[in-house]
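In: coords below, sequence missing:
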């Protein structure tokens, strides 16, 4: 007898996100999330 699939609420975020979003959307989310890091990094280099 096959195992019952876990419900989406039972999955951790790392496994849930790929099931909900396409790869292009995940890549864009990651890019937007790290935009601030890149800006802060550039500002730190300019100050030094």
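Out: Everything's here; your move. Note that the structure is a prediction, hence the values are computed from the model and not measured.

In: Going by C-alpha atoms from here, please, whenever you check contacts or count neighbours.
Out: OK.

In: so what pLDDT did the spatially most central residue of the chain get?
Out: Centroid-nearest residue in the chain, with CA atoms, centre = their mean: residue 30, separated by 4.9 Å. The model reports residue 30 with a pLDDT of 88.

In: quick one: it from residue 21, how far?
Out: 12 Å (CA to CA, to the nearest Å).

In: which residues of this structure score low on pLDDT?
Out: 8, 42, 45-48 (pLDDT under 70).

In: How about the contacts made by the residue nearest to the centre of the chain?
Out: If you count contacts by CA atoms under 8 Å, 6 or more residues apart in numbering, residue 30 has none.

In: What is the three-state secondary structure of residue 31?
Out: Using DSSP: H, G, I helix; E, B strand; the rest coil, the structure places residue 31 in helix.

In: That one: neighbour count?
Out: 12 (other CA atoms under 10 Å).

In: mind listing what it touches?
Out: With CA under 8 Å, 6+ apart, residue 31 has no contacts at all.

In: How much space separates it from residue 9?
Out: Taking CA to CA, one finds residue 31 at 26 Å from residue 9.

In: Which of the three states applies to residue 5?
Out: coil.

In: re the thing from before, where's the residue nearest to the centre of the chain relative to residue 37, distance?
Out: For residue 30 relative to residue 37 (CA to CA), the value is 11 Å.

In: go on, residue 23?
Out: The value you get for residue 23 to residue 37, if CA to CA is used, is 22 Å.

In: again with residue 15
Out: 25 Å.

In: Against residue 19, how distant is residue 4?
Out: Taking CA to CA, one finds residue 4 at 17 Å from residue 19.

In: Repeat that for residue 37.
Out: Distance from residue 37 to residue 19, by CA to CA: 27 Å.

In: Okay, strands next: where are they in the chain?
Out: Ranges of strands in the chain, per DSSP state E: none exist.

In: Show me the helices in it, by range?
Out: 13-20, 23-47 (DSSP state H).

In: The last one to helix 13-20, inter-axis angle?
Out: For helix 23-47 against helix 13-20, the angle by axes from the mean of the first three to the mean of the last three CA atoms, to 10 degrees is 130 degrees.

In: which parts of helix 23-47 are buried?
Out: Residues of helix 23-47 include none that count as buried (16 or more other CA atoms under 10 Å).
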